[in-house]
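1. Here is a sequence with its predicted model. Questions after.
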Amino acid sequence: LTRSRLHETKNAELVMCVKRMSELRSLCLEQLKSPVIPQELMEHALGIRLRPKDPSSDYEPDPAMLKIGLGHDFQSKMRKLLSEAKMSKEVVMNIYDKLDIKRRGCLTVDQLTRGGICMKSKE
């Protein structure tokens, strides 16, 4: 019975994670006009430093995207959604380390979601 409850709780957390990350994807598409989250936005939202981008990276975020993404409104919404999805600083750092292999300095919301689900499934 206890295992069943733990399993149900874990499944409920995964469902909540997917829902909140879906909302984050909608937020990014609506405000940033892209499903890509530049590393700078994630660092600012979570107060962390991710590993440095490769200087020869082919990805450079649009200045208008950065201006909107670093704004208080977007940042507070992103922090809230990440918190409700239980995407802690440590989880996000691990996802970037594992999925941003070429150190481009960005991940899509879908990549972040898949990485979060994989990490949470192993807990």
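-> That came through fine. Residues are numbered from 1 along each chain as shown.

2. For stretch 69-76, output the C-alpha coordinates as PDB.
-> C-alpha atoms of stretch 69-76 as PDB (Å, rounded to 0.1, in the frame of the first residue of the first chain):
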ATOM      1  CA  GLY A  69      13.300  37.400 -21.200                       C
ATOM      2  CA  LEU A  70      15.400  39.300 -18.600                       C
ATOM      3  CA  GLY A  71      12.400  41.500 -17.700                       C
ATOM      4  CA  HIS A  72      10.800  41.200 -14.300                       C
ATOM      5  CA  ASP A  73       7.500  39.900 -15.700                       C
ATOM      6  CA  PHE A  74       8.900  37.000 -17.700                       C
ATOM      7  CA  GLN A  75      11.500  36.100 -15.100                       C
ATOM      8  CA  SER A  76       8.900  35.900 -12.300                       C
END
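
3. So which elements touch the longest helix along the chain?
-> Here the longest helix in the chain is taken by residue count, with DSSP state H as the criterion, and it is helix 2-27. Applying 3 or more Cβ pairs under 8 Å, 6 or more residues apart in numbering; DSSP states H and E, one finds that helix 2-27 makes contact with helix 72-84, helix 109-122. Where C-beta positions appear, they are placed from N, C-alpha and C, glycine not excepted.

4. now residue 74: how far from residue 81?
-> For residue 74, the distance to residue 81 under the criterion Cβ to Cβ, to the nearest Å works out to 11 Å.

5. where do the contact lists of these two overlap?
-> residue 27 (Cβ atoms under 8 Å, 6 or more residues apart in numbering).

6. so where's the protein uncertain?
-> Counting by pLDDT under 70, the chain shows low-confidence ranges at 1-2, 123.
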